[in-house]
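Undergrad: I'd like to go over a predicted model; first the sequence, then the structure.
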Amino acid sequence: MMNFGEIEQKWQKKWFDSRIYEAKKQKGKKFFIHFAYPGISGYLHVGHMRGFTYADIIARYKRMLGYDVIFPAGFHATGLPAVSLAKKVARKDKEILKYLRQNSCPEDVIKKLEDPIEVVKYFSRIYVEDYWKKFGFLIDYTRLMDTVSDGYKKFIQWQFRKLNEKKLLIQKPHFAPYCPNCGPVAVDKSETDVSEGGDAEILEFVVIKFRFEDKILPAATLRPETIFGVTNMWVNDEEEYIIAKIGDEKWILSEKAVSKLKYQVDDIEVVGKIHGKEIVRKKCFAPIINKNVPIFPAKFANPDIATGIVMSVPAHAPYDYIALRDIGMPVEPIVIINVSGYEVPAKEIVEKMGIKSQEDFEKLEEATQIIYKEEFHAGTMNEECNDFKGMKVNDAKEKIKNEMLKNNIATIMREFSKRVVCRCGEEVIIRKIPKQWFIKYSDEILTHESKEWAKKMNIYPKEYKEELPKILEWYGDRACIRQGSWLGTPFPFDEKWVIEPISDSTLYPTYYIISKYVNEGKIKADEMDDKFFDYVFLGNGKAKNGIWKEIREEFEYWYPVDINLGGKEHKTVHFPVFIMNHVAIMPEKFFPKGIFVNWWITQKEGMKISKSKGGAEPIPDASEKYGVDALRLYYAHVGSPFVDVEWDGEVVEQYKKRIFRIWSLFENLLEMEGEESKIDEWVISSFNEKIKIAREAMKEYELRKASNAIFFEIYNLMNWYIKRGGKNKRLINELLKKWVRAMAPFTPHIAEEMWEKLGGKNFVSLEEFPEYGDINPSILKAEELLIKTMDDIDEIKKVAKIEPEKIYIYLAPKWKWDILDIAVSLEKNGELTMKNLMNEVKKMNVNMKEASQYAGKIIQEVKKEKFIRIDEKEYFENALDFLKKEFNAEFRIYGEEECYDPANKRKFAMPYKPAIYME
RNA sequence: GCGAGGGUAGCCAAGCCAGGUCCAAGGCGACAGACUCAAGAUCUGUUGGCGUAGGCCAUCGCCGGUUCAAAUCCGGCCCCUCGCACCA
């Protein structure tokens, strides 16, 4: 039994010792492929290998087509993940230590991982040695790089100066999560920075200013359009409120609100206190509707939420309705939105759901959601709403908000949808950054040019090609720098800030050209100034030395990128900025040519296999258990690249078996010693057909279709060849050499091993992908006829329950083929009708009754199938021995001649469909 | 909400763009047989229903339409999944 592990190691050593992965300018045609480099966030899992494997298969395929292939890779070290891992190690987080140990990280390394840079170094090595090399990837390992090296930082700074020159860097206010202790934090589902509330959203409350004596009662709402239905205000009479001076206004709001707003408005100053009791039972003045409304006490006016002051819209807010009912309905609800199925929506839903009191939070929340959805999507503003009458609620909401903001009746307060707590224990708030730097992706010219370019690109799948222009249109300005303890490049115009990780990963494929020279020590970061990058990437200025010139030549040879391959998570972030930055900075001849998006390997129940949460099989375990070639074939073949696939070890096991089977068929074929036979012709055509399918599929990177032809269809046809008595040693050898070369991009280790057994001298990885020769359709058709006839015989045996000793095959007479020919040529001219056909048939010397019956039958058939005239008699005669053996019976094949026909079957014979009688 | 994708046999998953070769590839599972003391592995066959002659009927989320012909094209409906920005 073969040992996958040994074979893998043997060939990997040979490949890497011979450095066959190095990109060299030799053949004058090149192919540049890379995958979106992985973030350094810990160990990867089997899911990640899907995309990487696609890239390697495509790179290997292109190499075998005679391209100079450059397939570089690097590491995205910037941003949070490495820092977060280092922090966890530093604070001896039990989970992280367990995780490291489970993945056999040595103790002395664990100690070092308190330093984020060590994290980057350690995991870079793991990715290369344990994942990529173990999978046999022919990545150009001389070009490895990461995003925190000195040279890379110089490159990014150059890029930002270019963006600035193009007027694509702008400043404007921005609101971002912030911890008063730790500074800026990331609020995301991975919860690396926060210990609670990672899924919180930033809500924009509209704060509407109600006049109260000489002060302002700021009511916070998410539904500004309901201002028209306000009947009263709610203030909590068990709470003390703050009086704060904002600008020249005096606001009454909760203490919590003041502490939040301090981070969002410029000048806010506490000037006094006022208890809720002193406010309730008085009146305040509502803007827009311009009338006085009473202020009532309410416990649900929560000081923790927004301003702590709430306006009451009892017709449309279940909370308000029920609170008013509790205190005896001192005011009548004012309905302002018409929505079918409701008169007074809040009242009716409260009654329908049987909500008893203000304490029934869960039901009230649900009721609020239901009413909001129905009103927002299906409601219209009614006659209470002045100028907004008749407008759809979702339009009116924006318009009313903007009008109030414009007239200084309202302002915006931002708040999380739920409590967010920093890892340090402090509550995270939202802070205004007055002059945040953005990359101006909204720029009209840039957007337009990017969209135009995207239309010319090769983008897979095609659905994404159609989606991409819309994403480019939608893509807004991106805050591109931030402060805090992140890894990254200092922003060149303000070095206290660091460029954030999406923005530093857009033009990076260009850097793979330079990284080789950096790695070889031929150029130092110090030397890489703007003149250097201007010269190398833009061709501006002069080369300072020979190395500069060499790098420029390399760049011109390899660029642009032909395929950037990445997971579907990149669809709305990385890929758009990848295109836009190239369009913004590079000359058109270097704009990227293609994008390939792959979907994920998921865990059961559709969950993404998460890096942080582990769960899936670690890569080293999986490659040992199943073998790398089995895994590679699994990724290529298990499903369309454009759907998520659920990880299932059992399935990979099947691919392992498939490889065993191919291996043992290969060995059987090698041992065959025989001469030519009739079936040889068929196997040649059939084999060529499969290679053709594979080649054409690969043109569109349809790895699944190609691998299906190579690993399944060819396997089947070789078996059939043997079954049909094929054993031509010379031919088998020739086909095996082609077959093994066709396998090589997908399962390179096993292919090399086979290639060696076939006497191949060089690496099969460096051979040419097989060409296909002539495909003779009549032979394929004839064999298909034979197989179908065999099926029919089986069917008859089964239904009639007989075990025949003699089988009679009656082939269609010549005149039926002649009529068929006529029908086919009529069909070609679009003139195939019964009448036209019979006019022609009349000219022939045949039995008109039989002929007309037959003509009627074939009219339908001719429209479906392509008919090629084949010599059925000859083909069956040649297969006679085979048929006898298969059915253990005597055969008689009858053409036109007189024959034995006791059941009168002969008249049913049609082209491709012989009549059968057995006894 | 905005944007995108999907629903195929017991299960996974092709086919759909370019309608007919679809009684729907391939795999898993199940059943039967071969090999074996046995189990496993492997190999062969069967796996929607009916059928004593190769046939007939049904099926691709649901309803309708176009067509000689629909899993495939068009319209409507139901259900599911994903992304929505400072997280990579």
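TA: Structure's in. What do you need?

Undergrad: got the contact list for residue A:284?
TA: Taking CB atoms under 8 Å, 6 or more residues apart in numbering as the contact definition, residue A:284 lies against A:210, A:211, A:212, A:217, A:233, A:292, A:293, A:295. All C-beta atoms are positioned from the backbone trio N, CA, C, and that covers glycine.

Undergrad: show the buried residues in these.
TA: With neighbours counted using 16 or more other CB atoms under 10 Å, the contacts of residue A:284 contain these buried positions: A:210, A:212, A:217, A:233, A:293, A:295.

Undergrad: count the neighbours of residue A:872 for me.
TA: By other CB atoms under 10 Å, 24 other residues sit near residue A:872.

Undergrad: can you pull the pLDDT of it?
TA: The model reports residue A:872 with a pLDDT of 89.

Undergrad: quick one: it and residue A:775, what's the gap?
TA: Plainly put, residue A:872 is 20 Å away from residue A:775 if you go by CB to CB, to the nearest Å.

Undergrad: swap in residue A:725?
TA: Using CB to CB, one gets 22 Å for the distance from residue A:725 to residue A:775.

Undergrad: equivalent analysis for residue A:169, please.
TA: 58 Å.

Undergrad: those two: which is more packed in?
TA: In this comparison of residue A:169 against residue A:775, neighbours counted by other CB under 10 Å, the higher total goes to residue A:169 at 21 against 16.

Undergrad: show me the beta-bridge partners of that one.
TA: According to DSSP bridges, residue A:439 are recorded as the beta-bridge partners of residue A:169.

Undergrad: next, the contact list for the one residue in the stretch 351-500 of chain A that gets nearest to RNA strand B, please.
TA: With CB to the nearest atom of the strand as the measure, the residue in the stretch 351-500 of chain A that lies nearest RNA strand B is residue A:476; the distance is 3.3 Å. Residues in contact with residue A:476 (CB under 8 Å, 6+ apart) are A:441, A:442.

Undergrad: part of a strand, is it?
TA: No: per DSSP: H, G, I helix; E, B strand; the rest coil, residue A:476 lies outside any strand segment and is coil.

Undergrad: so which residue is dead centre in chain A?
TA: For chain A, the residue lying nearest the average C-alpha position, counting by CA atoms, centre = their mean, turns out to be residue A:568 (1.8 Å).

Undergrad: distance of that one relative to RNA strand B?
TA: As defined by CB to the nearest atom of the strand, to the nearest Å, residue A:568 lies at a distance of 6 Å from RNA strand B.

Undergrad: in stretch A:548-555, what counts as buried?
TA: Of the residues in stretch A:548-555, those buried by neighbour count under the rule 16+ other CB under 10 Å are A:548, A:551, A:552, A:554, A:555.

Undergrad: just send those residues back as TSV, with pLDDT too.
TA: Compiled in TSV, those are given as follows (pLDDT from 0 to 100):
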residue	pLDDT
A:548	97
A:551	98
A:552	98
A:554	97
A:555	98
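
Undergrad: for these, which one is nearest RNA strand B?
TA: When the buried residues of stretch A:548-555 are compared for distance to RNA strand B (CB to the nearest atom of the strand), residue A:555 comes out closest, at 24.8 Å.

Undergrad: so that closest one makes contact with residue A:535?
TA: No: using CB atoms under 8 Å, residue A:555 makes no contact with residue A:535, being 9.7 Å away.

Undergrad: from what I can see residue A:240 touches residue A:278, true?
TA: No: under the criterion of CB under 8 Å, residue A:240 is not in contact with residue A:278, lying 9.6 Å apart.

Undergrad: the stretch 201-350 of chain A: helices as residue ranges?
TA: If DSSP state H, counting those that start in this stretch is used as the criterion, the helices of the stretch 201-350 of chain A fall at A:255-261, A:318-326, A:345-352.

Undergrad: now name the helix or strand holding residue A:552.
TA: If you go by DSSP states H and E, residue A:552 is part of helix A:546-558.

Undergrad: packing partners for that helix?
TA: Judged by 3 or more CB pairs under 8 Å, 6 or more residues apart in numbering; DSSP states H and E, the packing partners of helix A:546-558 are strand A:30-35, helix A:511-519, helix A:530-538.

Undergrad: one more time with 10 Å
TA: Packing contacts for helix A:546-558, counted by 3 or more CB pairs under 10 Å, 6 or more residues apart in numbering; DSSP states H and E, involve strand A:30-35, strand A:68-70, helix A:511-519, helix A:530-538.

Undergrad: could these go into JSON lines alongside distance to residue A:452, mean neighbour count and mean pLDDT?
TA: Listed next are the helices and strands packed on helix A:546-558 as JSON lines, based on distance: least, CB to CB, whole Å; neighbours: other CB atoms under 10 Å; pLDDT from 0 to 100:
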{"stretch": "strand A:30-35", "distance to residue A:452": "22", "mean neighbour count": "23", "mean pLDDT": "96"}
{"stretch": "strand A:68-70", "distance to residue A:452": "27", "mean neighbour count": "24", "mean pLDDT": "98"}
{"stretch": "helix A:511-519", "distance to residue A:452": "26", "mean neighbour count": "22", "mean pLDDT": "97"}
{"stretch": "helix A:530-538", "distance to residue A:452": "21", "mean neighbour count": "20", "mean pLDDT": "97"}
